[in-house]
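In: Take a look and give me a structure for this.
(chains A and B)
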Number of protein chains: 2
Amino acid sequence: MPKPLDFWFEFASTYSYPAALRIEDMARHHGVQIRWRPFLLGAVFKALGQPVVPFNEFPRKGAYMWRDLERICVAHALPMMRAPEPFPMPSIHAARVAVALEGEACLPDFVRAVYLAEFHQRQNIAEEAVLAHILQSVGIEPEPVFAKAKTDEIKQNLRAETEAAYQAGLFGAPSFVTSDGEIFWGHDRMQDAVLWQKKVNEHG
Amino acid sequence: MPKPLDFWFEFASTYSYPAALRIEDMARHHGVQIRWRPFLLGAVFKALGQPVVPFNEFPRKGAYMWRDLERICVAHALPMMRAPEPFPMPSIHAARVAVALEGEACLPDFVRAVYLAEFHQRQNIAEEAVLAHILQSVGIEPEPVFAKAKTDEIKQNLRAETEAAYQAGLFGAPSFVTSDGEIFWGHDRMQDAVLWQKKVNEHG
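Out: Okay, the predicted model is just below:
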């Protein structure tokens, strides 16, 4: 039985945008299943003592990042990224909705639509009206999902996922963890991660 | 007249190792000239207020880096990297020697030999005996180069190069700057940088 590759993403994370938009096609091409795992990177940063907003703290690095992302969008023919306002965008509501959709076939569509709304259309994904529109755009009735996302169970599930990300050894997003525990960090390593999981599945 | 791609490297920088070992073959393949530019990254970090030893400051990131570099060495059939002791290694003496060799055909050989000694053979490149052995291994008489490297002119040239790196917008190493001012940061972006310079040379 082939095992899935864990794709850990954070909605505030810029390099998670190209990863989220590209991973499913790439994984399908290589016959690898993806497990979509939202988590809260800020909590992991705090636990590790890492700068919480590195791209704001170091302006030169931040300016480079946006230029680098422009080049990535051009190279992979992705809708162009632009800095949202505010940046980083509060991501906890979108993350809770993603957790509420766990196991449902529409989850990847929702995740991609959030990233496009945030970094291409520059919408505020912290607003419920924006999230409602995103859900509708991928064919999901918003109200029942919002109701579920506000339960203690879902809040606790997101905390547990964030703790699982920490325990898995993560320190950034996007990250990819293979079924044999190999960690790959960043959109740059996505293909390596997919190929690693493919090899694990083929050779055991 | 085709213009060269600037390859900015720092001898203490780990990801400069695969870049230094691979760039000449890659550039030759694409008909691009490389200008080898040593600088002192620590001074740039200080000027920018960035963490001076990020991979020691954040142990989880550091452990990941060494694993990532192992995978890069395997992928590109490079001599395996191992953490030197101390890490980071004081790099100013090697950098002054590199500046003293500027414009000479042996400079790339010297740079590669330093990286191999430091990260593969785990030698202390801060020691003059080690640098002498490295110079001899690439066919250079050490004494005249050491004498030149200790002059005020060479010391001042290295400071000027480091200031030029800062003025060029750099914030890390390795970095690649094309003749039209496009910055690429990291070994991951080396091929993009070479192809960008190729395009500039072809289309003006």
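In: Low-confidence bits of chain A, can you list those?
Out: Along chain A, the model assigns pLDDT under 70 to residues A:54, A:204.
In: how about the strands in it?
Out: For chain A, the strands defined by DSSP state E cover A:5-9, A:34-38, A:175-177, A:183-185.
In: what about stretch A:108-128, start to end distance?
Out: Chord length of stretch A:108-128, first to last residue, is 19 Å (CA to CA, to the nearest Å).
In: Return the distance of that stretch from the chain's centre.
Out: Here the centre of stretch A:108-128 is set off from its chain's centre by 11 Å, with CA atoms, centre = their mean, to the nearest Å.
In: who touches it?
Out: A:9, A:11, A:14, A:16-17, A:20-21, A:24, A:34, A:36, A:38, A:79-85, A:89-91, A:93-94, A:97-98, A:101, A:130-131, A:133-135, A:137-140, A:146 (CB atoms under 8 Å, 6 or more residues apart in numbering or on different chains). Any C-beta I mention is one placed from the backbone N, CA and C, and that applies to glycine too.
In: who's in contact with residue A:81?
Out: By CB under 8 Å, 6+ apart, the contact list for residue A:81 reads A:14, A:17, A:66, A:69-70, A:73, A:119-120.
In: Now do it against chain B, distance only.
Out: 17 Å (CB to the nearest CB, to the nearest Å).
In: quick one, phi psi at that residue?
Out: Torsion angles at residue A:81 (phi, psi; degrees, to the nearest 10) stand at phi -80, psi 140.
In: What parts of chain A come near chain B?
Out: A:48-50, A:58, A:60-61, A:64, A:67-68, A:71, A:75, A:169, A:171-172, A:183, A:185, A:188-189, A:192 (CB under 8 Å from any CB of the partner chain).
In: again, 6 Å this time
Out: Taking CB under 6 Å from any CB of the partner chain as the contact definition, chain A meets chain B at A:50, A:58, A:60-61, A:171, A:188.
In: Please produce a ChimeraX select command covering the buried subset of those residues.
Out: Here is the ChimeraX command that picks out the buried ones among those, judged by 16 or more other CB atoms under 10 Å in any protein chain shown:
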select /A:50,58,60,61,171,188
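In: ranges for the helices of chain A?
Out: Counting by DSSP state H, one finds helices in chain A at the ranges A:16-29, A:41-48, A:54-57, A:59-75, A:92-100, A:107-119, A:128-137, A:142-149, A:152-167, A:190-203.
In: Quick check: buried residues in the last one?
Out: By neighbour count, and taking 16+ other CB under 10 Å as the criterion, the buried residues in helix A:190-203 are A:190-194, A:196-198, A:200-201.
In: what does it rub up against?
Out: Outside of helix A:190-203, the residues within contact range by CB atoms under 6 Å, 6 or more residues apart in numbering or on different chains are A:2, A:5, A:19, A:26-27, A:30, A:32, A:176, A:178-180, A:182, A:184.
In: Endpoint to endpoint, stretch A:65-83 covers what distance?
Out: 10 Å.
In: make that stretch A:132-144, sorry
Out: End-to-end distance of stretch A:132-144 (CA to CA): 11 Å.
In: What of stretch A:81-93?
Out: Stretch A:81-93 has an end-to-end distance of 21 Å (CA to CA).
In: in that stretch, what counts as buried?
Out: Residues of stretch A:81-93 classed as buried: A:81, A:84, A:87-89, A:91, A:93 (neighbour count, 16+ other CB under 10 Å).
In: so how far is it from its chain's centroid?
Out: Centre-to-centre, stretch A:81-93 and its host chain are 13 Å apart (CA atoms, centre = their mean).
In: same thing with stretch A:56-68?
Out: On CA atoms, centre = their mean, the centre of stretch A:56-68 falls 20 Å from that of its chain.
In: what comes up buried for that stretch?
Out: For stretch A:56-68, using 16+ other CB under 10 Å, the buried residues are A:58, A:60-62, A:64-65, A:68.
In: gap between residue A:126 and residue A:88?
Out: For residue A:126, the distance to residue A:88 equals 11 Å [CB to CB, to the nearest Å].
In: And residue A:29, by the same measure?
Out: 31 Å.
In: One more: residue A:162?
Out: Residue A:162 is 16 Å from residue A:88, by CB to CB.
In: Test my guess that residue A:174 contacts residue A:21.
Out: No. The pair residue A:174 and residue A:21 does not pass the contact test of CB atoms under 6 Å, sitting 11.1 Å apart.
In: So the two - more neighbours on which side?
Out: Remark: of residue A:174 and residue A:21, residue A:174 carries more neighbours, 27 against 20, as counted by other CB atoms under 10 Å in any protein chain shown.
In: next one: phi and psi at that one?
Out: Main-chain torsions, residue A:174, degrees, to the nearest 10: phi -70, psi 150.
In: OK, contacts around it?
Out: A:9, A:16, A:19.
In: which among those residues end up buried?
Out: Neighbour counting by 16+ other CB under 10 Å classes A:9, A:16, A:19 among those as buried.
In: Which parts of stretch A:170-186 count as buried, going by neighbours?
Out: Residues A:170-178, A:182-186 are the ones in stretch A:170-186 that count as buried (16+ other CB under 10 Å).
In: Now distance to residue A:109 too, for those, in CSV please.
Out: Output for the buried residues of stretch A:170-186, formatted as CSV (distance: CB to CB, whole Å):
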residue, distance to residue A:109
A:170, 24
A:171, 28
A:172, 25
A:173, 20
A:174, 18
A:175, 22
A:176, 20
A:177, 23
A:178, 25
A:182, 28
A:183, 27
A:184, 24
A:185, 25
A:186, 24
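In: Relative to chain B, which of those residues is nearest.
Out: Nearest to chain B, judged by CB to the nearest CB, of those is residue A:171 at 4.7 Å.
In: From residue A:87, how far off is the closest one?
Out: In this structure, residue A:171 and residue A:87 are 20 Å apart, going by CB to CB.
In: before we move on, what about residue A:147?
Out: From residue A:147 over to residue A:87 (counting by CB to CB), the distance is 30 Å.
In: Same question for residue A:99.
Out: Residue A:99 is 23 Å from residue A:87, by CB to CB.
In: circling back: and which of the contacts of residue A:174 is nearest to chain B?
Out: Comparing the contacts of residue A:174 against chain B with CB to the nearest CB picks out residue A:19 as the nearest, at 14.2 Å.
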